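Undergrad: got a sequence here, can you model it:
(one chain, ligands or ions: 2)
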Amino acid sequence: MNSPQEILQTVFGYPSFRPPQDAIIDTLIEGGDALVLMPTGGGKSLCYQIPSLARSGCGVVISPLIALMQDQVSALRQLGVRASFLNSTLTASAAKGVEDALRSGELDLLYIAPERLNQERTLALLKVSGIALFAIDEAHCVSQWGHDFRADYLRLSILHEHFPDVPRIALTATADERTRQEIITRLNLEEAKQFIAGFDRPNIRYRIALKHNARQQLLRFLKEEHASDAGIIYCLSRRKTEETAYWLQQQGFNALPYHAGLDTGTRADHQARFLREEGVIVVATIAFGMGIDKPDVRFVAHLDLPKTVESYYQETGRAGRDGEPANAWMVYGLQDVIKLRQMMEGSEGSEEHKRAEQHRLNAILGLCEITSCRRQALLAYFGDAQEQACGNCDNCLEPVATWDGTEAARMALSVVYRTGQRFGVNHLVDVLRGAQTDKIAQFNHQDLVTYGVGKSLDNNQWRSVFRQLVARGFLSVDLERFGALCLEEKCRPLLRGEQSIEMRRDIKQSKAKKQTKTQLPVDIDVALWEALRECRRELADEQGVPPYVIFHDRTLQELCVTLPQSLSQFADIGGVGERKLEKYGAIFLAVISEHSSASAIMH
Ligand code: ADP
Ligand code: ZN
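TA: Numbering: from 1, shown residues only. Ligands and ions are numbered 1, 2, ... in the order given. Predicted structure coming up:
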């Protein structure tokens, strides 16, 4: 039997484990069970792939993500691992071929859809085959409270009953305690060792900007930072995803819409193009979600505010699974705040449910308005306290100015009160600024003491004040009278002058410093980089696999920097195992040497 370290190097081409991968792998090799909580991109797959290779028999991976199995298997085969999958996309004869291979011990890894495993004949098959371990991926699907619940997952406890001696590993990126407990009880994992990695995704840069012209802001972000990158743009409504996608197409981007209202064929096609082609942008509702296991998504953009911090974290987490720099970019504004508050106030349910919703909403709004490190706030929300500010979020990179908004807040609250808590923001700002409108004349609001007291702030500044007051819960939004602002209990001390309030000074993006590109490391030879990517694309096309299955971006970047000239130098590059060295080493070395002689002539 090869040691895990040897397998890591020769098969996967990586020099060392990322803790706690090694401890997890040892546990399984020794026959123990494990429960693994690791963020997306943390490296969960190796935790079951390596023990499957090290132990005798085949590792059986249960995953609900049928669409991904093909690519996962292709990637493993590229490494020389004997992998296959069993799911409903296979023809009967193809499935039989896989079953025969399993029975005769010719497989190292088998991916199975959960519904298959619940069939008697599959169990019978497994019983006559040697099984190295069971890996239950996306284990949070057993949770009936979560949004990814799969009834088939509930029956997975049969694994323990039928195969008491086969080690099991359950894996998830979902953090919370309650889900974890549910996984343990429902899958009989009381004896399992728990491995809980931190939830930080240090390569993701969090940025939340004020929305003024969302499309132009988005366009600028894409042009300046992600001109040819793959990414996901989230919107709340189906219509908006389509409109945004078509608009981006007109701007020259390879953008496709994705939402639950599209027919199955179109959805599958758009998802496949996103996975297979390079530089495709998907504009989606949250229907585009779980199972987007593409490692090189360079940005996730939100044009609408997600409802909770959990969904924000999950959605942004789809960026940068390969560990390379990625952007989580969002624009939000007063209308988003009002919309979410309204949605919440109009929701059905018990008082307890409403309080929980209120709490979640405050958390996401708080994240938007916060002036200190966003990553600290995010991680603190998940119970993972960090001492240091991160240095890789907008607030760390460009500290936010604050101002004493006490006086302005009092004026704003007072105008809400004096106009009878019946008006929306636009009118309230008009009154404060002393505007002359029909509405003001109609309600005689020019006679109020607050009329015209706020001329020192402009329209945008007042909107910013109202937004922050709503976001922080001093004002609420009346659902019955569309958009009318009302006072909340919380504003009393502020009105009485017993409390002061610091506000965020909103900056227009145009004035803000240009953001640094996240894409390529400095000093990279762009022509060589493109040549290597072209070579990768051709190899991928020939074999009908996504380009990252051949080599990850990271590997190509290392090639650009180290410029290997021999196979033995090539073998030292991260992500180059024995099989890939054999298959691709010479081809890429040729690209590199061709390129260096070409540039020698030119200089
Ligand atoms: P997860 O399933 O937790 O989201 P993956 O298993 O897909 O994460 O791994 C994410 C990325 O990290 C992959 O590109 C993988 O090859 C890489 N990776 C995992 N473990 C290591 C390691 N020990 N050294 C280098 N790269 C690693
Ligand atoms: Zn930070």
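
Undergrad: and the residue in the stretch 1-150 of the chain that ligand 2 sits nearest to, how far is that from ligand 1?
TA: Going by Cβ to the ion, ligand 2 is nearest to residue 39 of the stretch 1-150 of the chain, at 16.7 Å. The C-beta positions use only the backbone N, C-alpha and C, and glycine is treated the same way. Going from residue 39 to ligand 1 by Cβ to the nearest ligand atom, to the nearest Å gives 7 Å.

Undergrad: which non-adjacent residue is nearest that residue?
TA: residue 199 (5.0 Å; Cβ to Cβ, 6 or more residues apart in numbering).

Undergrad: who are the neighbours in contact with the residue of the chain positioned farthest from its centre?
TA: For the chain, the residue at maximal distance from the C-alpha centroid (Cα atoms, centre = their mean) is residue 447, at 51.9 Å. By Cβ atoms under 8 Å, 6 or more residues apart in numbering, the contact set of residue 447 is empty.

Undergrad: what's the pLDDT at it?
TA: Looking at residue 447, its pLDDT reads 95.

Undergrad: I'd like to know how far it sits from residue 394.
TA: If you measure residue 447 against residue 394 using Cβ to Cβ, to the nearest Å, the figure is 44 Å.

Undergrad: thinking again about what came up before, what's the local residue count around the residue nearest to residue 39?
TA: 20 (other Cβ atoms under 10 Å).

Undergrad: spell out the secondary structure type for it.
TA: coil (DSSP: H, G, I helix; E, B strand; the rest coil).

Undergrad: and it, how far from ligand 1?
TA: 12 Å.

Undergrad: with residue 54 instead?
TA: 15 Å.

Undergrad: tell me the contacts of the residue nearest to residue 137 when sequence neighbours are not counted?
TA: Using Cβ to Cβ, 6+ apart and skipping the chain neighbours, the partner closest in space to residue 137 is residue 63 (4.3 Å). Neighbouring residues of residue 63 by Cβ under 8 Å, 6+ apart: 69, 111-114, 137-138.

Undergrad: filter these to the buried ones?
TA: Among the contacts of residue 63, those that count as buried by neighbour count (16 or more other Cβ atoms under 10 Å) are 69, 111-114, 137-138.

Undergrad: which single one of those is nearest to residue 577?
TA: The closest of those to residue 577 turns out to be residue 111 (Cβ to Cβ; 20.1 Å).

Undergrad: measure that closest one to residue 339 for me?
TA: Residue 111 is 41 Å from residue 339, by Cβ to Cβ.

Undergrad: before we move on, what about residue 200?
TA: 30 Å.

Undergrad: just give the nearest non-adjacent residue to the spatially most central residue of the chain, would you?
TA: Nearest to the geometric centre of the chain sits residue 317, at 2.2 Å (Cα atoms, centre = their mean). Distances taken as Cβ to Cβ, 6+ apart put residue 40 closest to residue 317, at 4.4 Å, once the chain neighbours are dropped.

Undergrad: now do the contacts for that neighbour.
TA: So residue 40 contacts 173, 201, 317-318, 321 (Cβ under 8 Å, 6+ apart).

Undergrad: residues touching the strand or helix carrying residue 93, excluding its own?
TA: Under the criterion of DSSP states H and E, residue 93 resides in helix 92-103. For helix 92-103, the surrounding residues in contact (Cβ under 8 Å, 6+ apart) are 58, 82, 84-86, 90, 107, 110, 125-126, 128-129.

Undergrad: going along the chain, name the strands of the stretch 501-603 of the chain.
TA: For the stretch 501-603 of the chain, the strands defined by DSSP state E, counting those that start in this stretch occupy 502-504.

Undergrad: spell out which parts of it neighbour ligand 1.
TA: Applying Cβ under 6 Å from any ligand atom, we find that the stretch 501-603 of the chain lies next to ligand 1 at residue 552.

Undergrad: closest point of the stretch 501-603 of the chain to ligand 1, which residue?
TA: residue 552 (5.6 Å; Cβ to the nearest ligand atom).

Undergrad: domain assignment for this structure?
TA: 4-196, 204-397, 402-504, 526-602 (automatic domain parsing).

Undergrad: if you average pLDDT over the last one, what comes out?
TA: Translated: domain 526-602. Mean predicted lDDT for domain 526-602 stands at 91.

Undergrad: that one: how far from the chain's middle?
TA: 28 Å (Cα atoms, centre = their mean, to the nearest Å).

Undergrad: could you do the longest one as well?
TA: Computed by Cα atoms, centre = their mean, the chain-centroid distance of domain 204-397 equals 8 Å.

Undergrad: avg pLDDT for it?
TA: Per-residue scores along domain 204-397 average to 90.

Undergrad: is it up against ligand 1 anywhere?
TA: Yes: using Cβ under 6 Å from any ligand atom, we find that domain 204-397 touches ligand 1 at 295, 321-323.

Undergrad: follow-up on the earlier one: so which of the buried ones among the contacts of residue 63 are in helices?
TA: Within those, residues falling in helices by DSSP state H are 69, 114.

Undergrad: distance to ligand 2 for the buried ones among the contacts of residue 63 - can I get that in CSV?
TA: Converted to CSV, those look like this (distance: Cβ to the ion, whole Å):
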residue, distance to ligand 2
69, 37
111, 38
112, 41
113, 40
114, 39
137, 31
138, 29
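
Undergrad: ok, of the buried ones among the contacts of residue 63, which one's closest to residue 31?
TA: residue 137 (20.2 Å).
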